[in-house]
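>>> The following block contains a protein sequence and its predicted model.
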Amino acid sequence: MLQAVALSCRRGERRLFADLNVRVERGTLLAVVGENGSGKTSLLRMFSSLLPPEQGAVLWEGQDIQQLKELYSAQLTYIGHLNGIKDDLTPVENVMSAMALAGEPCSRLAAQEALEAIGLKRLVHRLPSKVLSQGQKRRVTLARLWLSTRSLWLLDEPFTSLDTVATGVVTQRLHAHLQRGGQAVVVTHQEVALPAEIVQRLRLAG
Amino acid sequence: MSRSSMWEAVREVVRRDVLLAMRRRSDAAMSVFFLVIVVSLFPLGVGPEPAVLKTIAPGVLWVAALLACLLSLSRVFTADYVDGALEQMVLAPQPLALLVAGKVFAHWLISGLPIVLLSPLLGLQFGLEGEALGALVLSLLLGTPTLSMIGAIGAALVLGVRGSGLLVALLVLPLYVPVLIFGAGAVTSSMAGIGAEANLSLLGACLVLSLFLAPWATAAALRIALE
(Lines give C-alpha, C1' and ligand atoms only; values in the text may rest on other atoms or scores of the structure.)
Protein backbone atom coordinates (compact mmCIF):
# COMPACT_ATOMS: atom_id res chain seq x y z
CA MET A 1 0.00 0.00 0.00
CA LEU A 2 1.28 3.43 -0.98
CA GLN A 3 0.27 6.33 1.18
CA ALA A 4 0.88 10.07 1.10
CA VAL A 5 0.69 11.79 4.47
CA ALA A 6 0.28 15.56 4.71
CA LEU A 7 2.35 15.99 1.59
CA SER A 8 3.10 19.46 0.34
CA CYS A 9 5.07 20.68 -2.60
CA ARG A 10 6.56 24.00 -3.53
CA ARG A 11 8.35 24.71 -6.79
CA GLY A 12 10.21 27.99 -6.52
CA GLU A 13 7.87 30.52 -4.95
CA ARG A 14 4.70 28.76 -5.95
CA ARG A 15 2.91 26.36 -3.64
CA LEU A 16 1.50 23.57 -5.78
CA PHE A 17 -0.34 21.57 -3.19
CA ALA A 18 -0.38 21.31 0.57
CA ASP A 19 -1.55 18.80 3.15
CA LEU A 20 -2.30 16.13 0.58
CA ASN A 21 -3.46 12.79 1.95
CA VAL A 22 -4.10 9.84 -0.31
CA ARG A 23 -3.94 6.04 -0.16
CA VAL A 24 -3.44 3.60 -2.98
CA GLU A 25 -4.59 0.12 -1.97
CA ARG A 26 -3.55 -3.13 -3.61
CA GLY A 27 -5.45 -3.79 -6.80
CA THR A 28 -6.39 -0.15 -7.34
CA LEU A 29 -5.22 2.67 -9.52
CA LEU A 30 -4.83 6.32 -8.62
CA ALA A 31 -5.43 8.60 -11.59
CA VAL A 32 -3.90 12.02 -10.98
CA VAL A 33 -5.56 14.70 -13.09
CA GLY A 34 -5.33 18.48 -13.19
CA GLU A 35 -4.29 21.40 -15.33
CA ASN A 36 -0.80 21.88 -16.70
CA GLY A 37 1.49 23.04 -13.96
CA SER A 38 -0.76 21.86 -11.14
CA GLY A 39 1.96 19.60 -9.73
CA LYS A 40 0.95 16.23 -11.14
CA THR A 41 4.45 15.29 -12.24
CA SER A 42 5.94 16.65 -9.02
CA LEU A 43 3.59 14.42 -7.04
CA LEU A 44 4.60 11.40 -9.10
CA ARG A 45 8.29 12.23 -8.62
CA MET A 46 7.67 12.41 -4.88
CA PHE A 47 6.03 8.99 -5.04
CA SER A 48 9.09 7.71 -6.91
CA SER A 49 11.50 9.21 -4.31
CA LEU A 50 13.24 11.32 -6.97
CA LEU A 51 11.89 14.46 -5.32
CA PRO A 52 12.06 14.64 -1.53
CA PRO A 53 8.83 16.10 -0.11
CA GLU A 54 8.99 19.58 1.33
CA GLN A 55 6.70 18.51 4.15
CA GLY A 56 4.96 15.26 4.96
CA ALA A 57 5.99 11.82 3.84
CA VAL A 58 5.32 9.07 1.38
CA LEU A 59 4.86 5.69 3.05
CA TRP A 60 5.21 2.26 1.48
CA GLU A 61 3.63 -0.47 3.62
CA GLY A 62 3.79 1.99 6.49
CA GLN A 63 7.48 2.91 6.14
CA ASP A 64 8.94 6.17 4.87
CA ILE A 65 10.32 5.68 1.35
CA GLN A 66 13.17 8.11 2.02
CA GLN A 67 14.43 5.59 4.57
CA LEU A 68 13.69 2.47 2.54
CA LYS A 69 15.76 3.75 -0.41
CA GLU A 70 16.84 0.82 -2.60
CA LEU A 71 14.38 -1.53 -0.90
CA TYR A 72 11.62 0.74 -2.19
CA SER A 73 13.18 1.05 -5.65
CA ALA A 74 13.00 -2.74 -5.87
CA GLN A 75 9.17 -2.51 -5.66
CA LEU A 76 8.87 0.09 -8.34
CA THR A 77 8.58 0.56 -12.08
CA TYR A 78 8.71 4.26 -12.90
CA ILE A 79 8.10 5.58 -16.39
CA GLY A 80 8.52 9.34 -16.55
CA HIS A 81 7.57 11.71 -19.32
CA LEU A 82 11.08 11.23 -20.71
CA ASN A 83 11.42 7.94 -22.51
CA GLY A 84 14.88 7.03 -21.25
CA ILE A 85 15.74 5.20 -24.44
CA LYS A 86 18.96 5.57 -26.41
CA ASP A 87 18.71 6.72 -30.02
CA ASP A 88 21.68 4.65 -31.11
CA LEU A 89 20.40 1.38 -29.68
CA THR A 90 17.72 -0.79 -31.28
CA PRO A 91 14.36 -1.19 -29.50
CA VAL A 92 15.30 -4.69 -28.33
CA GLU A 93 18.63 -3.47 -26.94
CA ASN A 94 16.86 -0.60 -25.21
CA VAL A 95 14.35 -2.86 -23.50
CA MET A 96 17.01 -5.37 -22.43
CA SER A 97 19.27 -2.61 -21.14
CA ALA A 98 16.49 -0.91 -19.17
CA MET A 99 15.42 -4.19 -17.61
CA ALA A 100 18.98 -5.17 -16.64
CA LEU A 101 19.47 -1.79 -15.02
CA ALA A 102 16.21 -2.17 -13.12
CA GLY A 103 17.51 -5.43 -11.68
CA GLU A 104 15.18 -7.64 -13.74
CA PRO A 105 17.36 -8.88 -16.62
CA CYS A 106 15.42 -10.41 -19.50
CA SER A 107 16.31 -12.47 -22.56
CA ARG A 108 16.32 -11.14 -26.11
CA LEU A 109 13.29 -13.30 -26.87
CA ALA A 110 11.34 -11.91 -23.92
CA ALA A 111 12.15 -8.37 -25.02
CA GLN A 112 10.97 -9.12 -28.56
CA GLU A 113 7.73 -10.58 -27.24
CA ALA A 114 7.11 -7.54 -25.06
CA LEU A 115 7.65 -5.25 -28.04
CA GLU A 116 5.27 -7.30 -30.14
CA ALA A 117 2.70 -7.24 -27.35
CA ILE A 118 2.63 -3.46 -27.49
CA GLY A 119 2.35 -3.55 -31.26
CA LEU A 120 5.88 -2.93 -32.54
CA LYS A 121 6.46 -5.22 -35.47
CA ARG A 122 9.54 -7.40 -35.71
CA LEU A 123 10.69 -5.36 -38.70
CA VAL A 124 11.28 -2.37 -36.46
CA HIS A 125 13.22 -4.29 -33.81
CA ARG A 126 16.55 -4.04 -35.61
CA LEU A 127 16.46 -0.37 -36.51
CA PRO A 128 18.20 2.21 -34.38
CA SER A 129 15.59 3.91 -32.20
CA LYS A 130 16.35 7.34 -33.65
CA VAL A 131 14.40 6.52 -36.83
CA LEU A 132 11.25 5.64 -34.87
CA SER A 133 8.30 8.01 -34.51
CA GLN A 134 7.40 9.56 -31.14
CA GLY A 135 4.59 7.06 -30.64
CA GLN A 136 6.88 4.14 -31.46
CA LYS A 137 9.51 5.39 -29.02
CA ARG A 138 6.86 5.65 -26.33
CA ARG A 139 5.91 2.05 -27.06
CA VAL A 140 9.52 0.92 -26.66
CA THR A 141 9.53 2.54 -23.22
CA LEU A 142 6.18 1.06 -22.23
CA ALA A 143 7.19 -2.43 -23.37
CA ARG A 144 8.88 -2.69 -19.97
CA LEU A 145 5.43 -3.03 -18.43
CA TRP A 146 5.09 -6.46 -20.04
CA LEU A 147 8.29 -7.63 -18.34
CA SER A 148 8.02 -5.88 -15.00
CA THR A 149 7.25 -8.00 -11.97
CA ARG A 150 7.14 -5.01 -9.63
CA SER A 151 4.01 -4.35 -7.65
CA LEU A 152 3.92 -0.56 -7.93
CA TRP A 153 3.79 1.21 -11.27
CA LEU A 154 4.24 4.96 -11.52
CA LEU A 155 3.40 6.22 -14.99
CA ASP A 156 3.66 9.83 -16.15
CA GLU A 157 1.37 10.48 -19.12
CA PRO A 158 1.78 6.94 -20.49
CA PHE A 159 -0.71 7.54 -23.32
CA THR A 160 0.95 10.61 -24.84
CA SER A 161 1.55 10.14 -28.58
CA LEU A 162 0.04 6.65 -28.51
CA ASP A 163 -2.72 5.79 -30.99
CA THR A 164 -6.08 4.43 -29.80
CA VAL A 165 -5.11 0.79 -30.37
CA ALA A 166 -1.93 1.10 -28.31
CA THR A 167 -3.78 3.05 -25.61
CA GLY A 168 -6.24 0.18 -25.38
CA VAL A 169 -3.46 -2.41 -25.16
CA VAL A 170 -1.68 -0.50 -22.39
CA THR A 171 -4.95 -0.07 -20.48
CA GLN A 172 -5.54 -3.81 -20.70
CA ARG A 173 -2.06 -4.43 -19.39
CA LEU A 174 -2.74 -2.05 -16.49
CA HIS A 175 -5.96 -3.90 -15.73
CA ALA A 176 -4.14 -7.24 -15.66
CA HIS A 177 -1.54 -5.75 -13.33
CA LEU A 178 -4.21 -4.52 -10.93
CA GLN A 179 -6.04 -7.86 -11.01
CA ARG A 180 -2.82 -9.59 -9.99
CA GLY A 181 -2.85 -7.42 -6.87
CA GLY A 182 -0.56 -4.70 -8.19
CA GLN A 183 -1.12 -0.99 -7.75
CA ALA A 184 -0.49 1.98 -9.97
CA VAL A 185 -0.38 5.75 -9.98
CA VAL A 186 -1.03 7.25 -13.40
CA VAL A 187 -0.74 10.91 -14.30
CA THR A 188 -2.98 11.55 -17.28
CA HIS A 189 -5.14 13.99 -19.21
CA GLN A 190 -7.14 11.19 -20.69
CA GLU A 191 -9.85 9.13 -19.07
CA VAL A 192 -8.47 5.73 -18.05
CA ALA A 193 -10.91 3.15 -19.40
CA LEU A 194 -10.96 0.90 -16.34
CA PRO A 195 -13.84 -0.22 -14.08
CA ALA A 196 -14.79 2.68 -11.81
CA GLU A 197 -14.54 0.67 -8.58
CA ILE A 198 -10.79 0.18 -8.92
CA VAL A 199 -9.95 3.70 -10.09
CA GLN A 200 -9.53 6.52 -7.64
CA ARG A 201 -9.29 10.02 -9.08
CA LEU A 202 -7.24 12.76 -7.54
CA ARG A 203 -7.70 16.25 -8.97
CA LEU A 204 -4.94 18.75 -8.25
CA ALA A 205 -6.32 22.28 -8.25
CA GLY A 206 -3.04 24.06 -8.99
CA MET B 1 18.82 -7.16 -3.81
CA SER B 2 21.09 -10.05 -4.61
CA ARG B 3 24.75 -9.55 -5.29
CA SER B 4 24.67 -11.09 -8.77
CA SER B 5 21.99 -8.72 -10.08
CA MET B 6 23.97 -5.84 -8.62
CA TRP B 7 27.01 -6.70 -10.74
CA GLU B 8 24.72 -7.45 -13.65
CA ALA B 9 23.45 -3.88 -13.50
CA VAL B 10 26.95 -2.38 -13.22
CA ARG B 11 28.08 -4.51 -16.15
CA GLU B 12 25.09 -3.33 -18.12
CA VAL B 13 25.98 0.33 -17.45
CA VAL B 14 29.52 -0.23 -18.72
CA ARG B 15 28.37 -2.35 -21.66
CA ARG B 16 25.77 0.17 -22.78
CA ASP B 17 28.13 3.14 -22.65
CA VAL B 18 30.86 1.33 -24.54
CA LEU B 19 28.33 0.11 -27.12
CA LEU B 20 27.01 3.65 -27.55
CA ALA B 21 30.55 4.95 -28.00
CA MET B 22 31.19 2.27 -30.63
CA ARG B 23 28.06 3.32 -32.50
CA ARG B 24 29.25 6.91 -32.39
CA ARG B 25 32.98 6.60 -32.86
CA SER B 26 33.59 10.15 -34.04
CA ASP B 27 32.75 11.52 -30.56
CA ALA B 28 35.30 9.32 -28.86
CA ALA B 29 37.93 9.90 -31.53
CA MET B 30 37.64 13.65 -31.16
CA SER B 31 39.39 13.96 -27.80
CA VAL B 32 42.19 11.64 -28.95
CA PHE B 33 42.77 13.73 -32.06
CA PHE B 34 42.68 16.84 -29.91
CA LEU B 35 45.47 15.37 -27.79
CA VAL B 36 47.60 14.49 -30.81
CA ILE B 37 47.18 17.93 -32.35
CA VAL B 38 47.86 19.89 -29.16
CA VAL B 39 50.97 17.85 -28.44
CA SER B 40 52.20 18.26 -32.01
CA LEU B 41 51.77 22.03 -31.87
CA PHE B 42 54.46 22.45 -29.24
CA PRO B 43 57.47 21.36 -31.33
CA LEU B 44 56.21 23.72 -34.03
CA GLY B 45 55.88 26.62 -31.62
CA VAL B 46 58.91 26.07 -29.41
CA GLY B 47 61.26 24.99 -32.17
CA PRO B 48 62.83 21.60 -32.86
CA GLU B 49 65.62 21.88 -30.26
CA PRO B 50 65.87 18.31 -28.84
CA ALA B 51 67.09 19.41 -25.40
CA VAL B 52 64.28 21.93 -24.96
CA LEU B 53 61.64 19.50 -26.17
CA LYS B 54 62.87 16.84 -23.79
CA THR B 55 62.61 19.25 -20.85
CA ILE B 56 59.07 20.36 -21.60
CA ALA B 57 57.84 16.90 -22.66
CA PRO B 58 56.42 15.67 -19.32
CA GLY B 59 54.49 18.87 -18.66
CA VAL B 60 53.18 19.23 -22.20
CA LEU B 61 52.07 15.61 -22.49
CA TRP B 62 50.34 15.65 -19.13
CA VAL B 63 48.60 18.99 -19.61
CA ALA B 64 47.38 17.85 -23.03
CA ALA B 65 46.09 14.58 -21.58
CA LEU B 66 44.31 16.53 -18.87
CA LEU B 67 42.62 18.84 -21.36
CA ALA B 68 41.62 15.93 -23.59
CA CYS B 69 40.00 14.29 -20.59
CA LEU B 70 38.22 17.53 -19.73
CA LEU B 71 36.85 17.76 -23.26
CA SER B 72 35.02 14.47 -22.97
CA LEU B 73 33.62 15.06 -19.48
CA SER B 74 30.39 16.69 -20.60
CA ARG B 75 29.46 13.43 -22.32
CA VAL B 76 29.43 11.38 -19.12
CA PHE B 77 25.98 12.34 -17.85
CA THR B 78 24.46 14.97 -20.16
CA ALA B 79 22.90 12.58 -22.69
CA ASP B 80 21.45 10.42 -19.91
CA TYR B 81 20.07 13.50 -18.19
CA VAL B 82 18.37 14.75 -21.34
CA ASP B 83 16.82 11.46 -22.47
CA GLY B 84 15.70 10.29 -19.02
CA ALA B 85 18.08 7.34 -18.65
CA LEU B 86 19.55 9.04 -15.59
CA GLU B 87 16.21 8.95 -13.76
CA GLN B 88 16.05 5.24 -14.36
CA MET B 89 19.60 4.85 -13.07
CA VAL B 90 18.81 6.77 -9.88
CA LEU B 91 15.68 4.66 -9.33
CA ALA B 92 17.47 1.37 -9.95
CA PRO B 93 17.48 -0.89 -6.90
CA GLN B 94 21.28 -0.89 -6.84
CA PRO B 95 23.46 1.57 -4.94
CA LEU B 96 23.78 4.60 -7.21
CA ALA B 97 27.46 5.06 -6.33
CA LEU B 98 28.21 1.66 -7.80
CA LEU B 99 26.41 2.45 -11.06
CA VAL B 100 28.24 5.77 -11.18
CA ALA B 101 31.55 3.94 -10.79
CA GLY B 102 30.50 1.81 -13.77
CA LYS B 103 29.80 4.89 -15.85
CA VAL B 104 33.12 6.47 -14.92
CA PHE B 105 34.94 3.24 -15.77
CA ALA B 106 33.23 3.26 -19.18
CA HIS B 107 34.28 6.88 -19.65
CA TRP B 108 37.86 5.94 -18.88
CA LEU B 109 37.75 3.00 -21.31
CA ILE B 110 36.48 5.30 -24.05
CA SER B 111 38.58 8.40 -23.51
CA GLY B 112 41.34 7.60 -21.00
CA LEU B 113 42.67 4.29 -22.24
CA PRO B 114 43.27 5.51 -25.82
CA ILE B 115 45.40 8.32 -24.36
CA VAL B 116 47.47 5.82 -22.37
CA LEU B 117 47.94 3.59 -25.41
CA LEU B 118 48.91 6.50 -27.64
CA SER B 119 51.28 8.12 -25.17
CA PRO B 120 54.48 6.17 -26.04
CA LEU B 121 54.17 7.39 -29.62
CA LEU B 122 53.71 10.98 -28.49
CA GLY B 123 56.61 10.62 -26.06
CA LEU B 124 58.87 9.52 -28.89
CA GLN B 125 57.94 12.70 -30.72
CA PHE B 126 59.60 14.60 -27.87
CA GLY B 127 62.67 12.38 -27.75
CA LEU B 128 61.70 10.51 -24.59
CA GLU B 129 63.14 7.05 -24.45
CA GLY B 130 63.54 3.93 -22.37
CA GLU B 131 62.66 4.36 -18.75
CA ALA B 132 61.12 7.81 -19.14
CA LEU B 133 58.73 6.45 -21.74
CA GLY B 134 57.74 3.65 -19.37
CA ALA B 135 57.21 6.18 -16.58
CA LEU B 136 54.99 8.24 -18.86
CA VAL B 137 52.76 5.29 -19.73
CA LEU B 138 52.58 4.10 -16.12
CA SER B 139 51.83 7.56 -14.76
CA LEU B 140 49.05 8.03 -17.30
CA LEU B 141 47.68 4.58 -16.55
CA LEU B 142 47.40 5.50 -12.87
CA GLY B 143 46.48 9.13 -13.43
CA THR B 144 43.78 9.10 -16.11
CA PRO B 145 41.27 7.05 -14.08
CA THR B 146 41.69 9.60 -11.29
CA LEU B 147 41.00 12.37 -13.79
CA SER B 148 37.79 10.60 -14.88
CA MET B 149 36.72 10.05 -11.26
CA ILE B 150 37.25 13.67 -10.21
CA GLY B 151 35.80 14.93 -13.48
CA ALA B 152 32.60 12.97 -12.93
CA ILE B 153 31.91 14.96 -9.74
CA GLY B 154 32.21 18.19 -11.70
CA ALA B 155 30.13 16.86 -14.59
CA ALA B 156 27.37 15.82 -12.18
CA LEU B 157 27.43 19.17 -10.36
CA VAL B 158 26.89 21.24 -13.50
CA LEU B 159 24.11 19.07 -14.98
CA GLY B 160 21.34 21.19 -16.40
CA VAL B 161 23.33 24.42 -16.12
CA ARG B 162 23.74 26.54 -19.23
CA GLY B 163 27.31 26.98 -20.47
CA SER B 164 28.30 24.02 -18.37
CA GLY B 165 31.37 23.18 -20.48
CA LEU B 166 33.36 26.11 -19.22
CA LEU B 167 32.01 25.85 -15.69
CA VAL B 168 33.10 22.25 -15.37
CA ALA B 169 36.61 23.25 -16.46
CA LEU B 170 36.74 25.94 -13.76
CA LEU B 171 35.47 23.49 -11.14
CA VAL B 172 37.61 20.54 -12.01
CA LEU B 173 40.97 21.95 -13.19
CA PRO B 174 42.12 23.04 -9.72
CA LEU B 175 41.36 19.56 -8.44
CA TYR B 176 43.50 18.10 -11.23
CA VAL B 177 46.60 19.92 -9.98
CA PRO B 178 47.96 17.17 -7.68
CA VAL B 179 47.55 14.54 -10.40
CA LEU B 180 49.35 16.80 -12.86
CA ILE B 181 52.23 17.46 -10.45
CA PHE B 182 52.75 13.81 -9.56
CA GLY B 183 52.24 12.64 -13.13
CA ALA B 184 54.64 15.05 -14.77
CA GLY B 185 56.94 14.62 -11.77
CA ALA B 186 57.14 10.87 -12.36
CA VAL B 187 58.39 11.38 -15.90
CA THR B 188 60.80 14.17 -14.95
CA SER B 189 62.36 12.27 -12.09
CA SER B 190 62.77 9.16 -14.18
CA MET B 191 64.55 11.30 -16.79
CA ALA B 192 66.78 12.67 -14.04
CA GLY B 193 67.64 9.13 -13.02
CA ILE B 194 66.04 9.30 -9.56
CA GLY B 195 63.36 6.79 -10.48
CA ALA B 196 59.63 7.39 -10.71
CA GLU B 197 58.50 5.17 -7.84
CA ALA B 198 57.75 7.91 -5.33
CA ASN B 199 55.54 9.89 -7.71
CA LEU B 200 53.87 6.76 -9.02
CA SER B 201 52.99 5.68 -5.49
CA LEU B 202 51.46 9.08 -4.86
CA LEU B 203 49.46 8.76 -8.07
CA GLY B 204 48.30 5.35 -6.92
CA ALA B 205 47.22 6.86 -3.61
CA CYS B 206 45.27 9.57 -5.45
CA LEU B 207 43.56 6.87 -7.51
CA VAL B 208 42.55 4.83 -4.47
CA LEU B 209 41.28 7.90 -2.67
CA SER B 210 39.21 9.08 -5.63
CA LEU B 211 37.91 5.55 -6.19
CA PHE B 212 36.46 5.58 -2.70
CA LEU B 213 35.18 9.13 -2.50
CA ALA B 214 34.26 10.26 -6.00
CA PRO B 215 31.37 7.83 -6.71
CA TRP B 216 29.55 8.87 -3.53
CA ALA B 217 30.05 12.57 -4.19
CA THR B 218 28.93 12.11 -7.80
CA ALA B 219 25.85 10.11 -6.75
CA ALA B 220 24.84 12.86 -4.31
CA ALA B 221 25.29 15.53 -7.00
CA LEU B 222 23.18 13.51 -9.45
CA ARG B 223 20.34 13.19 -6.93
CA ILE B 224 20.35 16.95 -6.44
CA ALA B 225 20.41 17.55 -10.20
CA LEU B 226 17.28 15.45 -10.63
CA GLU B 227 15.21 17.09 -7.89
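Everything's here; your move. Residues are numbered from 1 along each chain as shown, chains lettered A, B, ... in the order given.
>>> For chain A, give me its nearest residue in chain B.
Proximity of chain B to chain A (C-beta to the nearest C-beta) peaks at residue B:84, 2.7 Å away. (Glycine included, C-beta is placed from N, CA and C.)
>>> I'd assumed residue A:80 was in contact with that residue.
Yes - with contact defined as C-beta atoms under 8 Å, residue B:84 counts as touching residue A:80 (5.6 Å).
>>> bridging residues for the residue nearest the centre of chain A?
Closest residue to the average C-alpha location of chain A: residue A:155 at 2.0 Å, with C-alpha atoms, centre = their mean. Beta bridges link residue A:155 to residue A:79, residue A:186, judged by DSSP bridges.
>>> need the contact list for it.
Taking C-beta atoms under 8 Å, 6 or more residues apart in numbering or on different chains as the criterion, residue A:155 is in contact with A:79, A:184-187.
>>> quick one on the thing from earlier: neighbour-wise, which of residue B:84 and residue A:80 wins?
Set side by side, residue B:84 and residue A:80 show more neighbours around residue A:80, with 21 against 17, by other C-beta atoms under 10 Å in any protein chain shown.
>>> can you pull the buried residues of stretch A:93-107?
A:93-106 (16 or more other C-beta atoms under 10 Å in any protein chain shown).
>>> now for the lengthiest helix in chain B, which elements pack on it?
Longest helix in chain B by number of residues, with DSSP state H as the criterion: helix B:197-226. Packed against helix B:197-226 by the contact rule (3 or more C-beta pairs under 8 Å, 6 or more residues apart in numbering or on different chains; DSSP states H and E) you find helix B:85-90, helix B:96-107, helix B:130-157, helix B:164-191.
>>> Export the ones you listed to CSV and append columns for mean neighbour count.
Shown next, in CSV, are these (neighbours: other C-beta atoms under 10 Å in any protein chain shown):
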stretch, mean neighbour count
helix B:85-90, 22
helix B:96-107, 23
helix B:130-157, 24
helix B:164-191, 19
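>>> Can you lay out these as CSV showing mean pLDDT?
Converted to CSV, these look like this (pLDDT from 0 to 100):
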stretch, mean pLDDT
helix B:85-90, 94
helix B:96-107, 95
helix B:130-157, 95
helix B:164-191, 93
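>>> Turn these into TSV, columns for distance to residue A:14.
Below are the helices and strands packed on helix B:197-226 laid out as TSV (distance: least, C-beta to C-beta, whole Å):
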stretch	distance to residue A:14
helix B:85-90	23
helix B:96-107	29
helix B:130-157	26
helix B:164-191	26
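>>> Of all those, which one is nearest residue B:17?
helix B:96-107 (3.6 Å; C-beta to C-beta).
>>> quick one: the closest one to chain centroid distance?
Chain-centre distance of helix B:96-107: 13 Å, with C-alpha atoms, centre = their mean, to the nearest Å.
>>> Equivalent analysis for stretch A:70-88, please.
8 Å.
>>> List the buried residues for it?
A:70, A:72-80, A:82-88.
>>> Repeat that for stretch B:205-222.
Buried, per 16+ other C-beta under 10 Å, within stretch B:205-222: B:206-207, B:210, B:214-215, B:217-222.
>>> Out of these, give me the two with the largest separation.
Longest span within the buried residues of stretch B:205-222, C-beta to C-beta: B:206 and B:222, 22.7 Å.
>>> For the closest residue to residue A:201 other than its chain neighbours, list each beta-bridge partner.
Computed as C-beta to C-beta, 6 or more residues apart in numbering or on different chains, the closest residue to residue A:201 that is not its neighbour in sequence is residue A:31, at 5.0 Å. Judged by DSSP bridges, the bridge partners of residue A:31 are residue A:186, residue A:201.
>>> Brilliant, that's me finished.
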